[in-house]
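> Model the following, please.
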Amino acid sequence: MATCAIGGCPALPSVSPDRAVRILRWIFRREDESVICELGLNSDDSAYELRLDPPSNPAGTATELFNDATSAFQRHAAIERILVDDGWTLEAFESERVAR
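Residues are numbered from 1 along each chain as shown. Here you go, the predicted model:
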């Protein structure tokens, strides 16, 4: 931890363009199928992105954008309730920093 002397503080390192963002990932399982739900900031940090990768979806990953974290978490909770009611169980939760 840097300490400040009278007259000023040492310069803080500049923010690197190669930074990392936190991604939250929930993995649900039912028999031999899995659903992956990820939450993090979108590529330009302007919104929260909730990505759902369901099994047998020819359209691929579904993505929803939210202006605030509360709305994104509420939507995730609604999805989780639907999955659990349909027989899915939460197999794993991961939180990782991903470089951008």
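> Pull out the CA atoms of stretch 63-73 and give them to me as PDB.
Provided in PDB are the C-alpha atoms of stretch 63-73 (Å, rounded to 0.1, in the frame of the first residue of the first chain):
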ATOM      1  CA  THR A  63     -28.100 -12.600 -25.400                       C
ATOM      2  CA  GLU A  64     -30.000  -9.900 -23.400                       C
ATOM      3  CA  LEU A  65     -28.700  -6.400 -22.500                       C
ATOM      4  CA  PHE A  66     -29.500  -4.500 -19.300                       C
ATOM      5  CA  ASN A  67     -28.700  -0.900 -18.300                       C
ATOM      6  CA  ASP A  68     -28.100  -1.900 -14.600                       C
ATOM      7  CA  ALA A  69     -26.900  -4.800 -12.600                       C
ATOM      8  CA  THR A  70     -30.100  -5.200 -10.600                       C
ATOM      9  CA  SER A  71     -32.200  -5.800 -13.700                       C
ATOM     10  CA  ALA A  72     -29.700  -8.300 -15.100                       C
ATOM     11  CA  PHE A  73     -29.600 -10.200 -11.800                       C
END
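> What are the contacting residues of it?
Contacts of stretch 63-73 from elsewhere in the structure, counted by CB atoms under 8 Å, 6 or more residues apart in numbering, are L39, N42, A47, Y48, E49, L50, R51, L52, R75. Glycine gets a C-beta too; all of them are placed from N, C-alpha and C.
> what helix or strand does the residue positioned nearest the centre of the chain sit in?
The residue lying closest to the centre of the chain (CA atoms, centre = their mean) is L39, at 2.3 Å. Secondary structure assignment for L39, by DSSP states H and E: strand 33-41.
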